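Participant: just the structure for this:
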Amino acid sequence: MKGKKIRVVLAMVGFDSHDRGLRLVASAIRDAGMEVIYAGSFQTEESLYNTVIQEDAAVVGLSFLCGGHLGWMERVIRFFKDHGENTQTFVVGGIIPKEDIPKLKNLGVKEVFKPGTDLNEIINTMKRIAQGS
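Facilitator: From the prediction side, this is the model:
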């Protein structure tokens, strides 16, 4: 990954549209030298998949503030796998109950960021994940 910018797709799936935190994260990781593709709100599994594949993203970050994170992540990850993409790296942020974090990780989510997570922690985690460690 040396010399190549880490490409990150950030989005919100479903009807969740509170994107203030996602925009803050996008700005921070862009300032840290990563390339951010901001897909925005109201994404479906298919539209997210198309963006991620077209942009050749190393990390996919999804934000959830209104619930539905378990169902949506099940659908998103299943859609990617059904289309032959088992290598996508997902991270999730937002209002996630503590008891749901292990469930998300069991689905294949690499990391969950709660409100108030230090931006440097998010940046360093995304870099580590993108580099495969």
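
Participant: and the strands in this structure?
Facilitator: All strands of the chain, identified by DSSP state E, fall at 7-13, 35-43, 59-64, 90-94, 109-113.

Participant: any chance of those strands in CSV, plus mean neighbour count, distance to Asn124 and mean pLDDT?
Facilitator: The C-beta positions use only the backbone N, C-alpha and C, and glycine is treated the same way. As requested, the strands of the chain are exported to CSV (neighbours: other C-beta atoms under 10 Å; distance: least, C-beta to C-beta, whole Å; pLDDT from 0 to 100):
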stretch, mean neighbour count, distance to Asn124, mean pLDDT
strand 7-13, 23, 13, 95
strand 35-43, 17, 16, 93
strand 59-64, 25, 12, 95
strand 90-94, 22, 12, 95
strand 109-113, 20, 11, 96
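
Participant: nearest to Arg75, out of those strands?
Facilitator: Nearest to Arg75 among these is strand 7-13; the distance by C-beta to C-beta comes to 8.1 Å.

Participant: the inter-axis angle of the closest one versus strand 90-94?
Facilitator: Strand 7-13 runs at 50 degrees relative to strand 90-94, counting by axes from the mean of the first three to the mean of the last three C-alpha atoms, to 10 degrees.
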